Each structure stands twice: as C-alpha cells, then as structure tokens.
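Asks: take this sequence and fold it.
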Amino acid sequence: MTFLRRWLRVPIPPRMRANAQSDFLAAILYGAFGGLTLPFIPVMGRRLGATPLQVSLLVAAPAIVFLLSFWIVNAVRPVPPVRLVMWPALLGRLLFLFMPLVRTPAPYVVLIVLYHAVNSINTLGYAQVMRAVYPDDVRGRIMALVKVGMAAFWVLGSLAGGQLTQLVPFQWVFAVAGILGMASALVFSRVRTPDRIESPEHINPAVTWRILRTDAVFRPFLLAFFVYGFGGWLISAAVPILLVDDLHASNFQVGLLGAVTSATWMLSFYSWGKMIDERTATNTTKVVFAIGTLTPIIYLLSPNAWVVQLAGITDGFTSAGIDLGWLAAVLHYAPPGQVLHYVTLFNTFVGIRAATAPFIAGALIPSIGARWIFGAGAVAQLIGMLLMRRVSAPRPAEDAAPPGPPSTT
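Replies: Here you go, the predicted model:
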C-alpha cells in the first residue's frame, strides 16, 4: 500500500499495513451505507406519516442509548474489542434488510430504534482496537485517512441516495445499503489485535458522578456543552418536518444537504485539528460554537430547500469541530486513571439532552410550528456559546491524561 506509506512517511510493518487496509475498506463501506441511509431516515419517516413525536424518536435514537453508558461499559468489558465492533454493527445493519416489508410509521420507527440501540455498542470497542493496533506516532494519521475515506463515500452515498429514492422505493435502497453496512462489519473483523490487550477500567457510577461536585474546572465546560447541545437536539426534530412540510424538499435536495454537510466536515477536519493543537480544545470549541449558532438561524429564515444548503455548510464545520474537540478537551480535563469516567459522564449528559430536547420539540411543533423551534434552538445555542466563552482551558501539566483516539465506526 504505497499511498499509505507516503501518507505516514514511516516504514509500515506487514501486520499494521494489513490492519490499516481492513480499517480503511470497512470505513468506506460504512460511509456508503451511512450516506445512503442516515441523512434520509427522519425525512422518510415523515413521508410515511410519522407524527412529530415519532420523528423526535427517530432523531434521538442514536444518543438515547448513552443514558445506559455506566452499565453498558461494564457489561461489555470481557468481550474482545474486534468482536465488540463487528457483531453489534453486523446485527444492527442486518435490520435494514427488513425495510422492504415496512409500509407504515410504527414498524419503521421500531426498526430504526433497534438499529441504533444495537449498532451503538460497537463504538465502545473501536477505541480499544485503535489503541492496540496502531502505534502512537502514526495512529492519528491513519485514523485521519480512514475518516477522510469514510466521509468521501458518505458524500457519494448521500448524492446517490437522493437520486435513487426518487426512482425506486426508499425501502429497497435502505436494504441494499444494509448489505454494504454488513460487509463493512465483516471486513473489520479481519483486523488483528495483539494477543494481550489492556482491558478498559471498571466504571463506578458513584466515582463518576462525584466529578460534578469535585471538579470545579470541568463542571462549567460540561454545563456550556449541555446547554449548547440541548439547542442542537431541539432543532433536530424540526429539520425533517421543515424540509417535508414547509419547504417541500425533494429527496435529491435532502441527499444534497447530507452531502454538503459531510463534504464540509471532511474538508474542515484538518483545520480544526491544527487549531486544537495550537489553541487548546476548549478555546477551539468556543469558535466552533460561534459558527454553530448560525445553523438554526439559517433554517429559521430559509425560504426554500436550496437556501437550506447553507445550513449544511455551518453544520459540517460545527460537527467536525465537535467531533474532535469534545474528546480532546475531556482528555485534558481528566486526571490519569479517570479518562473513561469523564468520557462516560460526558456521554451520559448527551443521552439526557437527546432523551428530552427532541421530544419537547415534537410536542410543541403541532402548536407553534417548526419555525419557532429553530428560534428557541438558536437562543439555547447562543446561551451555550456565551457560557463556553467564560470557561477556562485546563492548564497543561506533566500528569495530564494522554490523548487517545475517538470512536469513528
């Protein structure tokens, strides 16, 4: 794999090269699967007749499982990490093969919720695999290459999905995408880890919750992120309803929005990473939040589905910054030996806002309409941005927690 050697600029042992090839191929297959399905899931639910509350469940499903973070992390500790990635991904994506049988909203919502509940478990093993198979000096570059490959095929999948779902029923497009997603999981199973791999630390909920009381530096960061993220989850339920009911967006325009978001995410990833290295993750997050506050305003004021594409640009920038920034910041705040406690606490709060904000929006939309939800989301994100501006970045210290890779699968 000459390109990989040039990208890394170091000699590559055969086993690491084989792992990188499997990781990259699995990522582009997942990108194709994700691009063909995930941008369309809430919109297709609405087209089937899903109520605002059902749409809220569709958009909240990926993160509600984080409410169980404490128990899931401990339950899966004995499972070998590659299997922990492969089996949940394989079984979750298998559910898309049942899509051609779906004709009404209720079974559609059930399948999607089950998919997210099962598939999300694989992220717990991915970080362990990345730590085990790639050395510290090349891990970041290999993971960046994998992310770029995934995002590129996500863009292609979103564009293709927008066209295909206008030619054939979306259920069949989702089923074919499910096969690609299953292939991704099977390819990833070829990754070989060392014979001995360090088990993740045991999570004690009492210790984790004590962080809120004892860490006065991390607490304001978590609060600002919660308020800003609450605004983001609030508008997530309103987006598909605005696109379908108010703007009458075509499937092509929905796919284009997903492609614009993914392309911007891919192109901005390096810039955010460089800014984090130069200005710290906390200070970079302040810039990310400032850009993100534009997204609900664009949705609020958009007269048609073409202007909405601008929200894809701001959302892509913001998503990339948050993907990199939250974990990098948490790793700086966490003392040695407590990284997983901090990550689990952060993810639990993601689950709390995902389990509340979209359903508040779903309950209000029939009374006030989708547009006003974007106004409320803009206010929440503005408050979150202002709170983040007051947060102090953790001071560098020799005993700071070592950085680790984010989950990408």
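Asks: so what's the residue count around Pro366?
Replies: Per other Cβ atoms under 10 Å, the neighbour tally for Pro366 reads 12. To be clear about C-beta, it is placed using only N, CA and C from the backbone, and glycine gets the same treatment.
Asks: cool, and Asn304?
Replies: Neighbourhood size, Asn304 [other Cβ under 10 Å]: 12.
Asks: how does the protein divide into domains?
Replies: Per the record, the chain has its domains at 1-199, 201-394, by automatic domain parsing.
Asks: which of the ones you listed has the lowest mean pLDDT?
Replies: Set side by side, those differ in mean pLDDT, and domain 1-199 is lowest with a mean of 88.
Asks: next up, the contacts around Gln253.
Replies: Neighbouring residues of Gln253 by Cβ atoms under 8 Å, 6 or more residues apart in numbering: 162, 243, 305-306, 308-309.
Asks: point to the residue nearest the middle of the chain.
Replies: Asp323 (7.2 Å; Cα atoms, centre = their mean).
Asks: element containing that residue?
Replies: For Asp323, the element it lies in under DSSP states H and E is helix 309-333.
Asks: the inter-axis angle of the helix or strand just after that helix versus helix 309-333?
Replies: Going down the chain from helix 309-333, the next helix or strand is helix 339-354, by DSSP H and E. Inter-element angle recorded for helix 339-354 and helix 309-333: 150 degrees (by axes from the mean of the first three to the mean of the last three Cα atoms, to 10 degrees).
Asks: over to Ala50: give its phi and psi.
Replies: Phi and psi for Ala50, reported as degrees, to the nearest 10, are phi -60, psi 140.
Asks: which one is it nearest to, not counting chain neighbours?
Replies: Pro105 (4.1 Å; Cβ to Cβ, 6 or more residues apart in numbering).
Asks: what of Ile298?
Replies: Per Cβ to Cβ, 6+ apart, closest to Ile298 is Ala311, 4.2 Å.
Asks: same check on Ile365?
Replies: Ile365 sits nearest to Pro52 (Cβ to Cβ, 6+ apart), 4.4 Å away.
Asks: please report the distance of the one you found from Asp137.
Replies: Noted for Pro52: a distance of 50 Å to Asp137, by Cβ to Cβ, to the nearest Å.
Asks: number of nearby residues for Lys274?
Replies: Quick note: Lys274 (other Cβ under 10 Å) scores 11 neighbours.
Asks: distance check, it against Leu324.
Replies: Distance from Lys274 to Leu324, counting by Cβ to Cβ: 10 Å.
Asks: just Asp277 next, same as before
Replies: 10 Å.
Asks: what does Ala26 give?
Replies: Ala26 is 21 Å from Leu324, where distance means Cβ to Cβ.
Asks: higher neighbour count, the two?
Replies: Set Ala26 next to Leu324 and count neighbours by other Cβ under 10 Å: Ala26 wins out with 26 against 23.
Asks: what sits against the more buried one?
Replies: Neighbouring residues of Ala26 by Cβ under 8 Å, 6+ apart: 184-185, 187-188, 409.
Asks: cool, and Thr280?
Replies: Thr280 sits next to 329, 332, 393-394 when contact means Cβ under 8 Å, 6+ apart.
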